[in-house]
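S.K.: here's a sequence, model it:
(chains A and B)
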Amino acid sequence: EVQLVESGGGLVKPGSSLKLSCVASGFTFSSYGMHWIRQAPKKGLEWIALIYYDSSNKYYADSVKGRFTISRDNSKNTLYLEMNSLRSEDTAMYYCAKYVTAHGFAYWGQGTLVTVSS
Amino acid sequence: DIQMTQSPASLSASLGETVTIECRASEDIYNGLAWYQQKPGKSPQLLIYNANSLHTGVPSRFSGSGSGTQYSLKINSLQSEDVASYFCQQYYDYPFTFGSGTKLEIK
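M.R.: Here you go, the predicted model:
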């Protein structure tokens, strides 16, 4: 059974940094690209980052480009999202998700909440 | 970026009714479309992929259709457990983009 478990969220002040983690199990993590998606309170879903299975390519939404960094450690089956220069508009539930080719996001974690407030 | 316009924003229907949610892409996405259901306090769950294929374990009262830029999700025989928000998402091109969502309530 595929499981994705995020952690690392919390309450931080504007301008600060935070690093999220997502531990994967139930599939060969090192064979799949992985994504981060966020959802602001009572809002819609926003895709924010993708990393290829071997970290050879990374893509970001314009809203986070230059501030967020996606990475992975295949030896630990773990996906990361390092977030710098946080703003109030980054307040959201952050999900890691596994995309299945031509199927969409078939697997989601339970999410970790990031709140940016002074 | 491909914009996804979803309607209606909210919907209220009676048990047993059929409801339809629409999604329009700003350009042809060649059936690269998924629908998700999100219940309050939970993560989104995949319902439909490739515009009209039912994901494993999803009840057959859910169906998807469409092509080009116009897509729809239909729920037949509405059940109380269908109360949720529904989102469309295109995966034809990066960045992947989502519709703004439809909140479905029971009358």
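S.K.: how about the residues of chain A near chain B?
M.R.: When proximity is defined as C-beta under 8 Å from any C-beta of the partner chain, chain A approaches chain B at A:35, A:44-47, A:50, A:59, A:61-62, A:95, A:99-100, A:102-106, A:108-111. Using the backbone N, CA and C atoms, a C-beta is placed for each residue, glycine as well.
S.K.: mind telling me what element the residue in chain B that chain A sits nearest to is part of?
M.R.: With C-beta to the nearest C-beta as the measure, B:Ala34 is the residue of chain B nearest to chain A, at 3.0 Å. If you go by DSSP states H and E, B:Ala34 is part of strand B:33-38.
S.K.: neighbouring strands of that strand in the sheet, and parallel or not?
M.R.: strand B:45-49 (antiparallel), strand B:84-90 (antiparallel) (DSSP bridges).
S.K.: can I get those in a markdown table with mean pLDDT and mean neighbour count?
M.R.: Formatted as a markdown table, these follow (pLDDT from 0 to 100; neighbours: other C-beta atoms under 10 Å in any protein chain shown):
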| stretch | mean pLDDT | mean neighbour count |
| --- | --- | --- |
| strand B:45-49 | 97 | 23 |
| strand B:84-90 | 97 | 25 |
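S.K.: returning to what we had before: contacts for the strand holding B:Ala34, please.
M.R.: For strand B:33-38, the surrounding residues in contact (C-beta atoms under 8 Å, 6 or more residues apart in numbering or on different chains) are A:45, A:103-105, B:21, B:23, B:25, B:44-51, B:62, B:64, B:66, B:71, B:73, B:82, B:84-92, B:101.
S.K.: repeat that for stretch A:50-70.
M.R.: With contact meaning C-beta under 8 Å, 6+ apart, stretch A:50-70 is reached by A:30-36, A:46-49, A:71-72, A:74, A:79-86, A:89-90, A:99, B:94-95.
S.K.: quick one on the thing from earlier: give me the distance from the strand holding B:Ala34 to the chain's centre.
M.R.: Offset of strand B:33-38 from its chain centre (C-alpha atoms, centre = their mean, to the nearest Å): 5 Å.
S.K.: for the residue most central in space within chain B, give the beta-bridge partners.
M.R.: When C-alpha atoms, centre = their mean is applied to chain B, the residue found nearest the centroid is B:Trp35 (3.8 Å). Counting by DSSP bridges, B:Trp35 is bridged to B:Ile48, B:Cys88.
S.K.: what's the distance between it and A:Gly33?
M.R.: For B:Trp35, the distance to A:Gly33 (C-beta to C-beta, to the nearest Å) stands at 21 Å.
S.K.: now B:Tyr30
M.R.: 20 Å.
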